[in-house]
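1. Give me the fold of what follows.
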Amino acid sequence: MYSDLSVILPRVLIVSRRTVRKNKFVDFVGEYHLDLIIRYGAVPVIVPRVNGVHMLLESFEPIHGVLLCEGEDIDPSLYQSGGDDDVSKEELEEIRRLHVSDTAIDKEKDSIELRLAKLCLERNIPYLGICRGSQVLNVACGGTLYQDIETELGKHSKVDGSKVQHINYDDYDGHRHEVEVVEDTPLHHWFKEEELNERGKLEIRVNSYHHQGVKRLAHRFVPMAFARDGLVEAFYDPDAYNPDQGKFIMGLQFHPERMRRPESDQFDYPGCPSAYKEFVKAAVAYQQKLNTSSSSSSVPSQLPTKLDSEVEIKRDRIVRSFSIARNLYTSGRGNMHSIKESELEAGAEFLESNAALSLQQQNRLKQMGATVRNAGSYIERLKLNEGREKQARNVMAKMSVEQLSDLMGFYHMMGQICSEVLETKLNGMH
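-> Numbers count the residues shown, from 1 in each chain. Coordinates of the predicted model:
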């Protein structure tokens, strides 16, 4: 049996953001990002924004993809040469007053994310940058940013009607503005079914949570969308874009994962999750290339092909099983008649053999009131019976110390993430 679980689902690194809760620092990542990464078949691995982590990034190997999103302003000294500062001291003070939550520089987060971005560029690891993540990508490649769009871009805007509001604190999630999508780009392909504007160009309305943005786009990138004031809202590297071959380098200034209708999880457009879907597709392909390369150096040449096909089949079954379980959770038992019980077994067995809940954990979940639709049947599937426990022990007995250490660290981390997300959801119910 091919017991190394790292070959089943690709690992996508996501750097956390720091905030203050109950007078202490807490690291978090938006749940929409985690949900979409898991939905399309990868495992999110959260890199904590903790001092010194930028020196320990090798500990997070293997890395099959990097998703950077959300955070404070990037330190201006990382992209300014000294002669391109277009903001006076008085204006800078006003910017800090208006955007107090974003203008506190976090140098450790800058260091972690810039190192990850450069690592992706060096190794051609799939990279998706959302909002701040797109700015990090541009800076890592030598581009620059507006310290404040309204202050700097407004000075040079001479076209009537070109002013765009890029952040609205009074309508934070509901605010939208138009962007014109460039033809023959991935973004245009994802939203090609949407209506054209009066100039015959594809135009969509995107959310907007930023006061900074791309000023000078790095040479390697091609714009995919512009706001009416000329700001680049999306870009990619055409020479590093082929998801089927494990290539994906892209930045989106807006948040497609949050473009949803009021009081609903339904996306504004069918194309909204496409960036995540194609990004994970690239991560899967990149992982397969790494596994094939690694296997070919240590086993006979005919073995990797067989293993790759078997692992891919297993991965697809597990991902489909998780997807069905998620749909059951959101829609209830009404769809059970169209689902074969065997389709759920792959995910249940994967969880049972690798992440069985202890009696103490089960009691803790019950104490916290963590009951959902289908909870009874779902918990029954998760209970580890005697035979499966024996099988799991046999599999792990064949694993190396390094593999067991990685496995234990992985599930310890996922348990912490689950606890944090669960606590957040339960607190939101009160």
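2. only C-alpha atoms for contact and neighbour calcs from this point on.
-> Will do.
3. which residues of the stretch 1-150 of the chain fall in helices?
-> Using DSSP state H, counting those that start in this stretch, the helices of the stretch 1-150 of the chain run over residues 31-39, 89-98, 107-123, 132-140, 149-156.
4. Looking at the ones you listed, spot the one closest to residue 281.
-> Across the helices of the stretch 1-150 of the chain, the minimum distance to residue 281, taken as CA to CA, is reached by helix 31-39, at 10.2 Å.
5. coming back round to it: winner for burial among the helices of the stretch 1-150 of the chain?
-> Greatest average neighbour count among these goes to helix 132-140 (a mean of 26), per mean count of other CA atoms under 10 Å.
6. can you give me the angle it makes with helix 107-123?
-> On the basis of axes from the mean of the first three to the mean of the last three CA atoms, to 10 degrees, helix 132-140 is oriented at 70 degrees to helix 107-123.
7. next one: helix 132-140 to chain centre, how far?
-> Mean C-alpha position of helix 132-140 versus that of the full chain (CA atoms, centre = their mean, to the nearest Å) differs by 15 Å.
8. what's next to it, contact-wise?
-> Helix 132-140 is contacted from outside by 67-74, 78-79, 110, 113-114, 117-118, 128-129, 144-145, 213-214, 217-218, 250-253, using CA atoms under 8 Å, 6 or more residues apart in numbering.
9. Residue 94 and residue 229: what is the separation?
-> Residue 94 sits 22 Å away from residue 229, going by CA to CA, to the nearest Å.
10. Could you do residue 96 as well?
-> For residue 96, the distance to residue 229 (CA to CA) stands at 23 Å.
11. Residue 140 too?
-> According to CA to CA, residue 140 stands 24 Å off from residue 229.
12. again, but for residue 122
-> For residue 122 relative to residue 229 (CA to CA), the value is 33 Å.
13. Residue 123 too?
-> Taken as CA to CA, the span from residue 123 to residue 229 is 35 Å.
14. Could you do residue 36 as well?
-> Here residue 36 is placed at a distance of 31 Å from residue 229 (CA to CA).
15. cool, and residue 200?
-> For residue 200, the distance to residue 229 equals 18 Å [CA to CA].
16. before we move on, which element is residue 395 in?
-> helix 386-397 (DSSP states H and E).
17. mean confidence score for that helix?
-> Over the span of helix 386-397, the pLDDT mean works out to 74.
18. for it, which positions count as buried?
-> Buried residues in helix 386-397, counting neighbours by 16 or more other CA atoms under 10 Å, are found at 389, 392, 395, 396.
19. pLDDT weak spots in the stretch 101-250 of the chain?
-> By pLDDT under 70, the weakly predicted segments of the stretch 101-250 of the chain are 101-103, 154-161.
20. tell me which of the buried residues of helix 386-397 is nearest to residue 320?
-> residue 392 (22.0 Å).
21. re earlier: and the angle for the helix or strand just after the helix holding residue 395 with helix 386-397?
-> Using DSSP H and E, the helix or strand that follows helix 386-397 towards the C-terminus is helix 401-429. Following the same axes, to 10 degrees, one obtains 130 degrees for the angle between helix 401-429 and helix 386-397.
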